[in-house]
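Undergrad: Fold the following for me, if possible:
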Amino acid sequence: METIRLTMSQALLKFLDQQYVEFDGKEINFFKGVMGIFGHGNVTGIGEALEQDTGSLTYIQGKNEQGMAHAAMAYAKQKNRLETFACTSSIGPGALNMVTAAGTATVNRIPVLFLPGDIFACRQPDPVLQQIEDPTDYNVTANDAFKPVSKYWDRISRPEQLMSAALNAMRVLTDPVDTGAVTLSLPQDVQSEAYDYPVEFFEKRVFHIDRRPLPQSTCQRAVQLIKSKKKPLIIAGGGVHYSLASETLKDFVETFQIPVSDTQAGKSVMSWEHPLNMGAVGVTGSLAANLLAKETDLVIAVGTRLADFPTSSKQAFQNPDVDILSINVSSFDALKMNGLSIVADAKEALTSLTEALAQEGYKTEYDQGDLSRLKKKWDTEVDRLFAIESDQGLSQTRVLGEINQFIQEKDVIVGAAGSLPGDLHRVWRTTEPKTYHLEYGFSCMGYEVSGALGVKMAVPNQEVYAMCGDGSFLMLHSELVTSIQEGQKINVILLDNHGFQCIHNLQRGHGSDGFGNEFRFRSKETNRLTADYVPIDFAAYAGALGVKAYKVHTLEELKEALEQSKKDTVSTLIDIKVLPGTNTDGYESWWRVGVAEVSESKKVQQAHKQMEQDIKLTKQY
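TA: Presented below is the predicted three-dimensional model:
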């Protein structure tokens, strides 16, 4: 057997550079590169290997471990999970900074490889700088924190262990069902230890992602259920994108005239202009989709895990005869809400169902005129929201309307947290698939700027806009510097409403007068954060980072900033001052949150009673 002597780090990089995936006959190099921040624990191991020979892998220098890992996730998501990055860090705080990003990747089913440095396997420098010690178990390190947020976790305690661990890592990363964060914990001494690796370990390896067909027996069960229903409603999730099934879904709904709604991950699978696209559903849903959801007798969920937002905490579907038919590659997700489970690829399933239902002559009993009027009513409401004016300043929905009208069809927006995801899901109008990139499985504040960088790297010829509030921006924006360093221009649309206004609204909506969510000075009278707003010049701050920045207080300034930022060649930030509380809300939706059962506030007491009444309307499964 021919061998080659390499350090474990050198062997790992050489292996990663030879991993490919094949989907629908197209072969793609799976790893674009490595993102990292060096420290003791990886600089003389993986760092040395990257310095000497990266192969075709590109090294990206992150500025915050969580931020760079979010960029890696965004890249993989935009690439439909067919390409990704590995992320390397030092031990201790550097590694722990990536745990949040690992959770974000796993919740959203996005493949990212995490390579945190670890303490010495030999345990001779004991304790090493930044080591967390567990006196009862010396096998436990900071990296054990990755276990609950990883789909696969391993610690490479000897250099030869890399071979089985690397193969298992690829097994999970390329699995459409089980993908997510994969963590290989790398002790810093083992990274530099050599081993005679078999040459065949480094040969090109192709992982074939096969579409799971719809079995005939399952198809028949699904057809019988659909035939028994009069008014089905489709909920399109992110799985439609990953299956490249946008056109297939369109053919299905047009053939049988079934209205479509979407989740955050599924938005943009169909143009907003399509007469059967009723928009977002659930807590952040449109009036049209939510009214249909209340009346539908069959929910056809395609590629969604039916989380609490699209289902309005299981209250959205009020018809006593409603059933759920769930199409998903994951049996775990397909069983959500006690539905008829269709475990299959979305494109395969929709194709088979279209043929079978057409042979049966199936037709829905919707009045198409009623559907048109319902859609028109919602479109009119969005127009109203986009046109709201106030003498006090800019409303959030007016700002979004102007931006939506300005950007091009292929431009991509990126978001994640705060009040913006609700507004964007409801009112943002997309015509092209993959132009709406929202991380809303984890709703991780700070994803927006980092995510925009990852998306821009995935689609370098398209303009990318990070849509974030001041709260999210303050949480994490360090990869703005990386975007400048890499020549990857992104545009940050920062809506400054003086705090965490989304949660402030949620708080007040459940009986509170508001506490601890606005960026205010501490009052000497109340000893609480109730004095004036803290003035923050985000444009000046961004300008100091090297970003081209603009300040916006008026509609005219916004239009001018958008026009000019389009011409800029470096990353931009538009600091827009908007009125707090001018976001959208309601539209026949409900979200379950815990409300205090005992309180001195009568408003809180009433909110708790209302919560108990709403719970009675939910599906208990």
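
Undergrad: For Leu545, give me its contacts.
TA: Counting by C-beta atoms under 8 Å, 6 or more residues apart in numbering, Leu545 makes contact with 480-481, 484. C-beta here means a position set from N, CA and C on the backbone, and glycine is covered the same way.

Undergrad: To clarify, my last question referred to Ile327.
TA: Neighbouring residues of Ile327 by C-beta under 8 Å, 6+ apart: 239, 300-303, 334, 342, 344, 346, 349-350.

Undergrad: Most neighbours among the contacts of Leu545, which one?
TA: Leu480 (26 neighbours; other C-beta atoms under 10 Å).

Undergrad: and it, how far is that from Ser571?
TA: Per C-beta to C-beta, to the nearest Å, Leu480 is found 6 Å from Ser571.

Undergrad: what's the answer for Leu385, then?
TA: Leu385 sits 29 Å away from Ser571, going by C-beta to C-beta.

Undergrad: quick revisit: can you turn the buried part of the contacts of Ile327 into a PyMOL selection?
TA: Selection of buried members from these for PyMOL, criterion 16 or more other C-beta atoms under 10 Å:
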select buried, resi 239+300+301+302+303+334+342+344+346+349+350
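
Undergrad: what's the farthest-apart pair in the contacts of Ile327?
TA: Farthest-apart pair in these is Ala334 and Leu350; separation 14.4 Å (C-beta to C-beta).

Undergrad: Can you list the buried residues in stretch 53-65?
TA: Buried, per 16+ other C-beta under 10 Å, within stretch 53-65: 57, 59-60, 62-65.

Undergrad: Among the residues you listed, which lie within helices?
TA: Of the buried residues of stretch 53-65, the ones assigned to helices by DSSP state H are Glu65.

Undergrad: Spell out which residues are contacts of both of Leu480 and Ser571.
TA: 490, 492, 547.

Undergrad: quick one: which of the residues you listed has the most company?
TA: With neighbours set by other C-beta under 10 Å, the maximum within the shared contacts of Leu480 and Ser571 is found at Ile490, which has 30 neighbours.

Undergrad: That residue and Ala452 touch, don't they?
TA: Yes - with contact defined as C-beta atoms under 8 Å, Ile490 reaches Ala452; the gap is 4.3 Å.

Undergrad: what do those two both touch?
TA: 464-466, 483.

Undergrad: rewinding a little: using TSV, lay out the contacts of Ile327 together with pLDDT and distance to Thr618.
TA: Formatted as TSV, these follow (pLDDT from 0 to 100; distance: C-beta to C-beta, whole Å):
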residue	pLDDT	distance to Thr618
Gly239	97	25
Ile300	98	20
Ala301	98	17
Val302	98	23
Gly303	97	23
Ala334	94	21
Ile342	95	24
Ala344	97	29
Ala346	98	27
Ala349	98	28
Leu350	98	29
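
Undergrad: Mind checking which of the contacts of Ile327 are in helices?
TA: Using DSSP H, the contacts of Ile327 in helices are 239, 334, 346, 349-350.

Undergrad: What residues sit buried inside stretch 231-248?
TA: Neighbour-count burial for stretch 231-248, counted by 16+ other C-beta under 10 Å, picks out 231-246, 248.

Undergrad: My error: substitute stretch 212-228 in the last question.
TA: Counting neighbours by 16+ other C-beta under 10 Å, stretch 212-228 gives 212, 214, 218-219, 222-223, 225-226 as buried.

Undergrad: Let me know the closest of those residues to Thr136.
TA: Set against Thr136, the nearest of those by C-beta to C-beta is Arg212 (44.4 Å).

Undergrad: Secondary structure class of that closest one, three-state.
TA: coil (DSSP: H, G, I helix; E, B strand; the rest coil).

Undergrad: residues contacting it?
TA: Arg212 touches 329, 343-345, 348, counting by C-beta under 8 Å, 6+ apart.

Undergrad: any idea of the pLDDT on it?
TA: Note on Arg212: pLDDT of 96.

Undergrad: So it versus Val329, what's the distance?
TA: Look at Arg212 and Val329: by C-beta to C-beta, they are 6 Å apart.

Undergrad: Many thanks, we can stop here.
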